[in-house]
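>>> Pasting the sequence and the predicted coordinates here, then a few questions.
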Amino acid sequence: MEFVMARFQSGVIAEANTDALFITLNINPKTDSIVNLRQVMSGIPATELSFRQRYPGADLHITVAIGSEFWDRLNPGERPSELAAFPALKDQALDAPHTPVDLLLHIRSERHDLNYEAAVLLQSRLADSVALVEEVHGFRYLDSRDLTGFVDGTENPQGDHRAEVALVGDNDPIFSGGSYIHLQRYEHDLEAWNRVSVKQQEDILGRTKADNREYASADKPSFSHTKRTSLKDAQGKSVEILRHSMPYGNLSQRGLLFASYGRSPVPFTQMLESMILGDGAGNHDHLLHYSQAVTGQAFFAPSIDWLESLA
């Protein structure tokens, strides 16, 4: 019998937008909270469709994902085969903490006002079933740059390859059309970063700042970010994730909301280990000297079919 992938949430592989809300939530300990939550979650695909029909130029997407520790409470039966807790890592001053939450709403579009409208609507439906943990507004900065001044997401998969990288397929048929998400909020020390010369910054990133040219592999320092995240598997193929990361900030706090989507959690874990634990010769990612992860969560974004079955 030919494998047919379940319908996936559009936000998993859609191209980047200008604005996003990353909302993390915890379930309230009430006997009817999960019942209401299941009902609301089952209607999210229809809610997204309604917004897209009313505002066709906004390209709005609502992705809902379930925390690794919360999955079994929401759905005590079957579980995505690779869903596990966020892979917390620590090596001397470098730290990738595990800060679990129950749910993620990743709302994005070309209009911050519509992201807000969608968030308020879902909040009203969830009511007191959940408690807000964190709400982060991500935005496109200049020509898709991080607040460090470097273009971000250059090596993201393109076209049909986005689905190949981000969506579970016949490797776990029951949960096909889903995606493993890892979320980290990084806080940048831009005062320290801006004291570093542009050439030193470029060596730390492994690419040029103004025109975004990646260094040749032989020219990349072993501590550069692109060196530490450009990995190959046992078959010599590139280890890939689909990034939906965005800068965030105000006058007191700024950084990057890093969001990794993948058909497996393994590529993200391998990259994180390479960044923090390094190459075995003491070469870790020196970008982490200027940017500290303060949150770390693992989720699974199920297919539309799975969500609708919750009703």
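Now that the structure is in, tell me what you want to look at.

>>> Report the beta-bridge partners for the residue most central in space within the chain.
The residue lying closest to the centre of the chain (C-alpha atoms, centre = their mean) is Ala259, at 1.6 Å. Applying DSSP bridges to Ala259 yields these beta-bridge partners: Leu183.

>>> Mind jotting down where the helices sit in this protein?
Per DSSP state H, the chain carries helices over the ranges 33-42, 44-54, 71-74, 112-126, 161-166, 190-194, 198-205, 225-229, 266-276, 304-308.

>>> Select, out of those, the one closest to Asn283.
Comparison of the helices of the chain against Asn283 by C-beta to C-beta identifies helix 225-229 as nearest, at 7.6 Å. The way it works is simple: take the backbone N, C-alpha and C, and place the C-beta from them, glycine included.

>>> Can you name every helix or strand that the closest one contacts?
helix 198-205, helix 266-276 (3 or more C-beta pairs under 8 Å, 6 or more residues apart in numbering; DSSP states H and E).

>>> now those helices in CSV, with mean neighbour count?
Converted to CSV, the helices and strands packed on helix 225-229 look like this (neighbours: other C-beta atoms under 10 Å):
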stretch, mean neighbour count
helix 198-205, 17
helix 266-276, 20
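
>>> Tell me which of those sits nearest to Arg125.
helix 266-276 (30.8 Å).

>>> Show me the contact partners of that closest one.
82, 87, 89-91, 94-96, 180, 182, 225, 228-229, 231, 239-241, 260, 262, 284-285, 288 (C-beta atoms under 8 Å, 6 or more residues apart in numbering).

>>> Which ones among those residues map onto strands?
Among the contacts of helix 266-276, the ones falling in strands (DSSP state E) are 89-91, 94-96, 180, 182, 260, 262.

>>> Now for Val12: which residues touch it?
63, 166-167, 179, 242, 261, 301 are the contacts of Val12 under C-beta under 8 Å, 6+ apart.

>>> so the residue nearest to the centre of the chain touches Thr295, yeah?
No: at 11.5 Å, Ala259 does not count as touching Thr295 under the criterion of C-beta atoms under 8 Å.

>>> Need the residues touching each of those two.
Leu183.

>>> Quick check on the contacts of helix 266-276: which are buried?
82, 87, 89, 94, 96, 180, 182, 225, 228-229, 239-241, 260, 262, 284-285, 288 (16 or more other C-beta atoms under 10 Å).

>>> quick one on the thing from earlier: just list the residues touching the residue nearest to the centre of the chain, thanks.
Counting by C-beta under 8 Å, 6+ apart, Ala259 touches 22, 106, 181-183, 243-246.

>>> make it 6 Å
The contact partners of Ala259, taken as C-beta atoms under 6 Å, 6 or more residues apart in numbering, are 183, 244-245.

>>> Let's see if you can find the most crowded of the residues you listed.
His244 (28 neighbours; other C-beta atoms under 10 Å).

>>> Quick check: closest non-adjacent residue to it.
Ala259 (4.2 Å; C-beta to C-beta, 6 or more residues apart in numbering).

>>> Tell me the predicted confidence for that neighbour.
Per-residue confidence (pLDDT) for Ala259: 99.

>>> For Tyr186, see how far away it is.
To Tyr186, Ala259 is 11 Å away according to C-beta to C-beta, to the nearest Å.

>>> what's the neighbour count on Tyr215?
So Tyr215, with other C-beta under 10 Å, has 17 neighbours.

>>> these two touch, right, it and Gly206?
Yes: using C-beta atoms under 6 Å, Tyr215 is in contact with Gly206, at 4.9 Å.

>>> Looking at the ones in strands among the contacts of helix 266-276, which one is closest to Ala6?
Among these, and counting by C-beta to C-beta, the member closest to Ala6 is Tyr180, at 15.1 Å.

>>> what pLDDT does the closest one get?
Looking at Tyr180, the pLDDT reads 99.

>>> if I look at it, how far off is Asp152?
Distance from Tyr180 to Asp152, by C-beta to C-beta: 21 Å.

>>> Asp95 now?
22 Å.

>>> What of Ser81?
In terms of C-beta to C-beta, Ser81 sits 31 Å off from Asp152.

>>> who has more neighbours, the two?
Just comparing Ser81 and Asp152: by other C-beta under 10 Å the higher neighbour count belongs to Asp152, 22 against 12.

>>> now the end-to-end length of stretch 2-22.
This stretch, stretch 2-22, spans 36 Å end to end (C-alpha to C-alpha, to the nearest Å).

>>> List the buried residues in it.
Result for stretch 2-22 [16+ other C-beta under 10 Å]: buried residues 5-6, 8-14, 16-22.

>>> Check stretch 295-311 too.
295-304, 306-308, 310.

>>> Repeat that for stretch 109-120.
109, 111-112, 114-115, 117-119.

>>> and the two most separated of those residues?
Arg111 and Ala119 (12.5 Å).
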